[in-house]
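>>> Predicted model and sequence below, questions to follow.
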Amino acid sequence: MQTPPIVIIGAGPAGLMAAQRLAEGGKTVHIYEQNKAAARKFLVAGHGGFNLTHSETISEFILKYDKKEIQNIVESFDNQKTIDCLKSIGIETYVGSSGKIFPIKSIKPIQVLQAWLDKLKSLGVQIHYDHKFVDFSDNKAIIQHGNEIVEIEFSRLILALGGGSWQKTGSDAKWVSLLTAKGIKINPMAPANSGFNTTEDFKDLEGQVLKNIEVKFGNIRKKGEVVFTQYGIEGSPIYYLNRFTRPHSFPLTIYIDLKPHFSEEDILAFLKSSNKTSEILKQKLKLNKTALALLKNLDKVTYTNPSLLAHAIKSFPIQVESFRPIDEVISTAGGICFEEIKQTLALKKAPNIYCIGEMLDWEAPTGGYLLQACFSMGHYCAAQILNSKS
């Protein structure tokens with residue numbers, strides 16, 4: 001009797017990587033995807049520059065993840081292995097100035113995806129589009145295709161259903177109610193890598209960028225760039241702060257160090273050297289026009305007092321009201337609790353069912369870390385299946 005295939009639900013990066021590794025290991029793999037095309041969120045992520053992973057040493061790399069379980073998985077299939085995997089399908093990469101890794105500039109995101117899909121096809125992986133996951137039993141996946149409900153028998157089922165942001169790509173977290181009804185503990189989905197809505201109106205600065213600054217919250221520090229928006233602030237340092245601000249109640253205050261390479265004492269000395277404050281700010285401290293405009297929002301007493309102004313330059317306060325709506329953020333925190341998952345990534349309550357990707361409760365900043373974790377989980381899960389005796 002023929003062994004049923006391994007069924008993967010979701011043709012995102014985690015699901016595709018799992019399929020490739022399983023097929024290379026000689027397994028029959030079928031992927032079911034609710035959209036009419038694969039990896040829509042993967043492609044959307046490429047609109048702002050297709051950052052596939054990061055060039056950091058693995059010891060630094062894994063510290064970007066909030067869960068030890070994910071750190072171990074990423075270490076097992078690291079950034080160099082991702083680069084090697086991409087190269088094996090004809091995708092050459094380069095390291096950008098910030099350490100991020102991209103496809104060489106002549107290669108577009110759709111070409112990366114197509115090369116990957118071609119590889120899967122050559123391995124015999126079948127992808128069934130426009131098939132919506134409905135439910136599962138111990139050995140069957142319930143799928144809706146058009147008006148028809150079909151039961152697909154599997155030897156293993158891998159769920160790679162995504163998080164809760166960018167619903168238009170199919171990442172809608174509708175699976176939460178299904179798994180909750182089956183007694184699987186799930187932490188509520190929450191915005192991650194989100195901009196901040198601010199109390200103060202920064203519309204006059206909309207689109208302007210603060211460069212070479214450091215954002216602070218408590219003892220957390222992150223350098224980078226901040227962009228002002230119609231509603232508040234965005235940027236990688238802001239996204240980085242998300243996980244540290246989330247446990248606290250809004251409103252809360254974060255601080256921007258406009259001159260992280262200068263001490264407050266150095267700045268105060270410059271300000272006291274002349275009564276021409278604007279000239280000192282521009283010529284001595286070399287603050288850009290965005291930083292200067294931001295300081296103009298200070299009250300007159302602070303702006304005209306060298307000590308108060310020096311402190312404001314080092315710790316400009318921004319009151320944060322909330323995160324952005326979950327559907328527009330880059331990724332989500334929350335998901336299936338790791339206490340529900342075996343080390344193999346199989347559900348403890350259903351050992352033939354595996355969960356990978358953003359549907360698990362972990363988070364990381366932008367910069368290649370999100371995609372790398374999905375690649376790593378797909379590869380790791382497949383390896384666990386291939387190494388199992390049953």
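Yep, it's here.

>>> measure the closest residue to residue 88 other than its chain neighbours to residue 90 for me?
Leaving aside its chain neighbours, residue 88 sits nearest to residue 119 (7.9 Å; criterion: C-beta to C-beta, 6 or more residues apart in numbering). (C-beta placed from N, C-alpha, C; glycine too.) Counting by C-beta to C-beta, to the nearest Å, the separation of residue 119 from residue 90 is 9 Å.

>>> try residue 260
For residue 260, the distance to residue 90 - C-beta to C-beta - is 41 Å.

>>> Same check on residue 146?
For residue 146, the distance to residue 90 - C-beta to C-beta - is 35 Å.

>>> Just want to know which of those two has more residues nearby.
residue 90 (13 against 8; other C-beta atoms under 10 Å).

>>> what sits against the more buried one?
Applying C-beta atoms under 8 Å, 6 or more residues apart in numbering, we find residue 90 in contact with residue 115.

>>> cool, residue 289 as well?
residue 208.

>>> ok, so what distance separates it from residue 175?
Counting by C-beta to C-beta, the separation of residue 289 from residue 175 is 47 Å.

>>> after the strand or helix carrying residue 80 comes which helix or strand?
Assessed by DSSP states H and E, residue 80 sits inside helix 79-88. Counting by DSSP H and E, the next helix or strand C-terminal to helix 79-88 is strand 93-95.

>>> Quick check, residue 357 in contact with residue 11.
No - using C-beta atoms under 8 Å, residue 357 is not in contact with residue 11; the gap is 11.2 Å.

>>> Isn't residue 64 up against residue 365?
Yes - Residue 64 is in contact with residue 365 according to C-beta under 8 Å; the separation is 5.9 Å.

>>> name the helices or strands packed onto the helix or strand hosting residue 374?
For residue 374, the host element (DSSP H and E) is helix 369-387. When contacts are defined as 3 or more C-beta pairs under 8 Å, 6 or more residues apart in numbering; DSSP states H and E, helix 369-387 sits against helix 13-24, helix 40-45, strand 53-54, helix 68-76, helix 79-88, strand 350-355.

>>> what residues does the worst-scoring helix or strand of the chain on mean pLDDT touch?
In the chain, no helix or strand scores lower on mean pLDDT, DSSP states H and E than helix 40-45, which sits at a mean of 88. Outside helix 40-45, the residues that touch it by C-beta under 8 Å, 6+ apart are 12-13, 51, 109-110, 113, 162, 166, 168-171, 330, 370-371.

>>> Of those, keep whichever come out buried.
Among the contacts of helix 40-45, those classed as buried by 16 or more other C-beta atoms under 10 Å are 12-13, 51, 109, 113, 162, 166, 169-171, 330, 370-371.

>>> which among the residues you listed gets closest to residue 184?
Nearest to residue 184 among the buried ones among the contacts of helix 40-45, counting by C-beta to C-beta, is residue 162 at 16.2 Å.

>>> and the closest residue to residue 136 other than its chain neighbours, helix, strand or coil?
Nearest non-adjacent residue to residue 136, counting by C-beta to C-beta, 6+ apart: residue 157, 5.9 Å away. Three-state call for residue 157 (DSSP: H, G, I helix; E, B strand; the rest coil): strand.

>>> From residue 334, how far out is residue 157?
22 Å.

>>> Under the pLDDT cut-off, which ranges of this protein? List them.
Scanning the chain for pLDDT under 70 picks out 1, 46-48, 390.

>>> Okay, helices next: where are they in it?
13-24, 40-45, 58-61, 68-76, 79-88, 109-122, 175-181, 236-245, 264-272, 277-279, 289-295, 300-304, 306-314, 369-387 (DSSP state H).
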